[in-house]
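# Quick one, fold the following:
(3 chains)
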Amino acid sequence: MKLKHILESQQFTRPLLNELFTVADQMDRVFLRGGTQDYNNKIMATLFYEPSTRTRFSFEAAMHRLGGRVISTENARDFSSGAAGESLEDTINVLNNYTDVIVLRHNEIDGSKRAAEVSQVPIINAGDGKGGQHPTQALLDLYTIYKERESIEGLKIAFVGDLANGRTVRSLSYLLGKFERVKLYFVAPEVIQMKNDILEYLDKHEIWYDTVENLTSVIPEVDVVYQTRIEKERLGEQAGEYGKFVKEYYIDRNVLQSMAKHAIIMHPLPRLKEISPEVDSDPRAAYFRQARNGILVRMALLSMLF
Amino acid sequence: MKLKHILESQQFTRPLLNELFTVADQMDRVFLRGGTQDYNNKIMATLFYEPSTRTRFSFEAAMHRLGGRVISTENARDFSSGAAGESLEDTINVLNNYTDVIVLRHNEIDGSKRAAEVSQVPIINAGDGKGGQHPTQALLDLYTIYKERESIEGLKIAFVGDLANGRTVRSLSYLLGKFERVKLYFVAPEVIQMKNDILEYLDKHEIWYDTVENLTSVIPEVDVVYQTRIEKERLGEQAGEYGKFVKEYYIDRNVLQSMAKHAIIMHPLPRLKEISPEVDSDPRAAYFRQARNGILVRMALLSMLF
Amino acid sequence: MKLKHILESQQFTRPLLNELFTVADQMDRVFLRGGTQDYNNKIMATLFYEPSTRTRFSFEAAMHRLGGRVISTENARDFSSGAAGESLEDTINVLNNYTDVIVLRHNEIDGSKRAAEVSQVPIINAGDGKGGQHPTQALLDLYTIYKERESIEGLKIAFVGDLANGRTVRSLSYLLGKFERVKLYFVAPEVIQMKNDILEYLDKHEIWYDTVENLTSVIPEVDVVYQTRIEKERLGEQAGEYGKFVKEYYIDRNVLQSMAKHAIIMHPLPRLKEISPEVDSDPRAAYFRQARNGILVRMALLSMLF
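Residues are numbered from 1 along each chain as shown, chains lettered A, B, ... in the order given. You can find the predicted model right below:
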């Protein structure tokens, strides 16, 4: 299978996901021996129209582990300096002469698609505006589940927190819909519960799910607890309930005790107050391993594009 | 010929230009095979006192294609942090210990010259203040003409738009004055027509030129149309004519039709509204190829300095 | 001896300092032949919570000379974007998956220690807040003295200027206290004279020192003049004396004439008005050689950590 660009989660079919997992597993071995110099004649540009040091570092470390080279900006708007603004299309056309792959974080929801339409070199979407796609995050989440459980079939997962606004949770739910016998629990107060578009997609694909308010009852049932952050500004008229919600969906030692031994806790990071630091040392805390898997998935995607 | 620093267009004699073209042609072959690792023990600093991501990326990609390494800042004023300001000379003396070449974009018109006076390692001027020199831009323009036409002798070129303020056009006119039988058409409204100092230089070197207002009559005559952007703020008392000028000097499909088959359109980029996007797909649109030639010329200059 | 992290000057024992000098001398030879590719599978992150281009460039050049790779930010606060702030500990845990060493400049005085407590990869303190440690600066100063004199035993050194607030001078005084027969002259107006904690430390270790106001009498006596900058804001009620102090502690050709032939002038840079540029060309002006030694010491420390 030939990948041309990486624009959205939806483009990843089951066979393509399987190939990605296989290549990411190979990259784990490359990573453990310190990397390769195989791609030392490749240049990657990280073209970020808004800063995201975390995502940028992950891509750049992946490229360096492959032996490649990086040119980098978190102020891509400077490209159109001294003028009311060069078009994204022109910027991409220019960069095509400089680099072998462009990692783009754009501030508009269709930025990556527009870039891909004119680009001769691969575009990787590293986040499209607010509410847009961020496919490599969803792919690293999926790979983490695969790697920790050795399979995704039959998975029982609880998504917890702000499910209405969480881009990550939406994309991952979508991807999980491609696998057999998965069970999804959406655990959130009603005001930030998973939206209907995803629920309808799951209905259509005959995926089992449940929307629940109470975390305690779900915890013992699942293989994965996927925690996210609740933000006060997103609660609208129920902002007054913020303190209560944070407490209700908090993961600490008590929650750990009712979790299955083989289960894991995931989190897209950054974490603020939604998981107690006392959880970090438990082997079921998988969120920092997720960051490592992010490197492996990005190494795999880059090598598949080259 | 030994190059020590690259400070201004004027330092490039005909023999040096010929050597540059030859080396840039060799770099095209290096570029096509993905680069070389020949300079993997060389470090380049991009020391930019004001951001110019476009220029910085071009130099950094060139250095990476040569196998070299880069340390980079677009906030070079931080060098003098916590103080009223370290002198540029001291900064250069310190950087001499860190790097093998310094690409300097300074905010003062004589920045590069001052740097070169104290530097043991080569200084490349990547833009000196407003109205100062930016020699690698002029050299890549000249190389583009050479590459597209296989010769510069006998060239007929139309410079269009804001010729009074365009640093690029002024430098390129200067360099073209070194070649035989060239004809320069300066096509602009009088308020932003080419200034007398360049015209006098051309007179002195017996170079043919004409200043005209009307674009239509010139287009069929020339091998190169070099388009630039007109800015309202530069029109002074005639700012009210801005809309009329933009329309009059616009390049679109109609202009293409009266151009010679072998002619090309150049532009220093970024482009705003002065060339219609419908022109991009015509093989005569050379402006994105110019960006690629920028890499080749910078690779050539770096390798000539080492 | 195995180094794990580089957090503060105090961790460097005499044997460790001797090892550092030996390795730095080896790095000088590596440097002169343009570097090595030995560490081309190592990644260093420069994680700067506040910009310091000078320090960042020095570390990055050192890493490149070792063949290594760099991911870099001077806006590390972006790591906690979109939130009230991720903890430093979480950021370090994430970065542990990306890199082989983390060079940290934090805005809080115990930043590096907190980072080291959770990090599996080495942390190098590149400056901890105001008044915190900056151990690699003190080490490069010490190495400069060693290299210029071939020994530190028996050294006579004059520290000049603002000794109350100068982090560098305090750390270097501390390190010199580990060597035999050194004599320290603290030359400053009383308001910014060396503080008691360092003087008591020297008393305890039976190190000879003197606090004096007059520069002229000390100059002929010493092997090293270590000049620092006096800042008006630091003079408190005596701000009115600023002009007088600057003049009194100024180093120019006259001061040079009363210095010993073998003596040297050092300065942590940036220099403003405290040393006349006419001094730069004298072979005793060692401050730009200090910058070069900074690269060697950082190369040595990195290779000792790997």
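
# what's the pLDDT at residue A:196?
pLDDT for residue A:196: 94.

# Now the helix-or-strand element of chain A with minimal mean pLDDT - C-alpha only, PDB.
Across the helices and strands of chain A, mean pLDDT, DSSP states H and E gives its lowest value to helix A:167-176, namely a mean of 91. The C-alpha trace of helix A:167-176 is given here as PDB (Å, rounded to 0.1, in the frame of the first residue of the first chain):
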ATOM      1  CA  ARG A 167     -10.700  15.700  19.200                       C
ATOM      2  CA  THR A 168      -8.600  12.700  20.300                       C
ATOM      3  CA  VAL A 169     -11.500  10.800  21.800                       C
ATOM      4  CA  ARG A 170     -13.700  11.400  18.700                       C
ATOM      5  CA  SER A 171     -11.000  10.200  16.300                       C
ATOM      6  CA  LEU A 172     -10.100   7.200  18.400                       C
ATOM      7  CA  SER A 173     -13.800   6.200  18.700                       C
ATOM      8  CA  TYR A 174     -14.000   6.400  14.900                       C
ATOM      9  CA  LEU A 175     -11.000   4.100  14.400                       C
ATOM     10  CA  LEU A 176     -12.100   1.600  17.000                       C
END
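
# which residues sit in contact with the residue of the stretch 201-306 of chain A found nearest chain B?
With Cβ to the nearest Cβ, the shortest gap between the stretch 201-306 of chain A and chain B falls at residue A:306, namely 10.6 Å. (C-beta placed from N, C-alpha, C; glycine too.) Counting by Cβ atoms under 8 Å, 6 or more residues apart in numbering or on different chains, residue A:306 touches A:39, A:42, A:100-101.

# The least confident helix or strand of chain A - contacts with which helices or strands?
helix A:135-149, strand A:156-160, helix A:196-204 (3 or more Cβ pairs under 8 Å, 6 or more residues apart in numbering or on different chains; DSSP states H and E).

# could you point out which element follows it?
The helix or strand immediately downstream of helix A:167-176 is strand A:183-187, counting by DSSP states H and E.

# what does that following strand rub up against?
Strand A:183-187 is contacted from outside by A:155-161, A:163, A:173, A:176, A:193-194, A:202, A:207-215, A:218, A:221-222, A:249, using Cβ under 8 Å, 6+ apart.

# List only buried entries from these.
A:155-161, A:163, A:173, A:176, A:193-194, A:202, A:207, A:209, A:215, A:218, A:222, A:249 (16 or more other Cβ atoms under 10 Å in any protein chain shown).

# sorry, back to before: which of the residues in the least confident helix or strand of chain A are buried?
Applying 16+ other Cβ under 10 Å to helix A:167-176 flags A:167-176 as buried.

# Return the member of those nearest to residue B:126.
Ranked by distance to residue B:126 (Cβ to Cβ), the buried residues of helix A:167-176 are led by residue A:167 at 38.7 Å.

# Give me the distance between the nearest residue to that closest one once chain neighbours are set aside and residue A:103.
Nearest residue to residue A:167 in three dimensions, chain neighbours excluded: residue A:134, at 5.8 Å (Cβ to Cβ, 6 or more residues apart in numbering or on different chains). Residue A:134 sits 12 Å away from residue A:103, going by Cβ to Cβ, to the nearest Å.

# Have a look at these two and say which one is more surrounded.
Shown here are residue A:134 and residue A:103; by other Cβ atoms under 10 Å in any protein chain shown, residue A:103 has more neighbours (30 against 21).

# helix/strand/coil for the more buried one?
Assigned with DSSP: H, G, I helix; E, B strand; the rest coil, residue A:103 falls in the strand class.

# what is the mean pLDDT for stretch A:58-78?
According to the model, stretch A:58-78 has a mean pLDDT of 92.

# do it and chain B meet at all?
Yes - using Cβ under 8 Å from any Cβ of the partner chain, stretch A:58-78 comes into contact with chain B via A:69, A:71-73, A:75-76, A:78.

# on that earlier part again, chain B is nearest to which of the helices and strands packed on helix A:167-176?
Closest approach to chain B among the helices and strands packed on helix A:167-176 is made by helix A:135-149 (22.5 Å; Cβ to the nearest Cβ).

# Report whether that closest one contacts chain C.
No - shown here: helix A:135-149 not in contact with chain C (Cβ under 8 Å from any Cβ), separated by at least 11.3 Å.

# now the angle from that helix to helix A:167-176?
Orientation check (axes from the mean of the first three to the mean of the last three Cα atoms, to 10 degrees): helix A:135-149 against helix A:167-176 gives 60 degrees.

# can you pull out the helices in chain A?
Ranges of helices in chain A, per DSSP state H, are A:14-32, A:53-65, A:88-95, A:111-118, A:135-149, A:167-176, A:196-204, A:215-218, A:242-248, A:253-258, A:287-305.

# any idea which of those is most buried?
helix A:53-65 (a mean of 25; mean count of other Cβ atoms under 10 Å in any protein chain shown).

# about what we covered before: can you tell me which of the residues of stretch A:58-78 next to chain B is nearest residue A:242?
For these, the nearest to residue A:242 is residue A:75 (34.0 Å; Cβ to Cβ).

# Provide a list of residues in contact with the closest one.
Contacts of residue A:75 (Cβ under 8 Å, 6+ apart): A:48, A:51, B:51, B:53, B:74.

# so of these, which ones are in strands?
residue A:48 (DSSP state E).

# what's the closest of the contacts of residue A:75 to residue A:236?
residue A:51 (28.2 Å).

# Can you report how many residues neighbour that closest one?
Counted with other Cβ under 10 Å, residue A:51 comes out at 18.

# Give me the phi and psi angles of it.
Note on residue A:51: its backbone torsions stand at phi -70, psi 140 [degrees, to the nearest 10].

# Kindly provide the distance from it to residue C:76.
In terms of Cβ to Cβ, residue A:51 sits 11 Å off from residue C:76.

# per the record, what domains does chain A have?
Under the assignment automatic domain parsing, the domains of chain A span A:35-133, A:136-291.

# wait, which of those is closest to residue C:271?
Nearest of these (Cβ to Cβ): domain A:35-133, 30.4 Å.

# if we can go back for a sec, out of the buried residues of helix A:167-176, which is nearest to chain B?
residue A:167 (27.0 Å).

# I'd guessed the closest one sits against residue A:129; true?
No - Residue A:167 is beyond contact range of residue A:129, at 10.2 Å (criterion: Cβ atoms under 8 Å).

# list the residues that contact both of the two?
Between them, residue A:167 and residue A:129 share no contacting residue, judged by Cβ under 8 Å, 6+ apart.

# on that earlier part again, pull up the overlap in contacts between residue A:134 and residue A:103.
What both residue A:134 and residue A:103 touch, as defined by Cβ under 8 Å, 6+ apart, is the set residue A:126.

# Please name the residues that touch residue A:260.
Shown in contact with residue A:260 (Cβ under 8 Å, 6+ apart): A:220, A:222-223.
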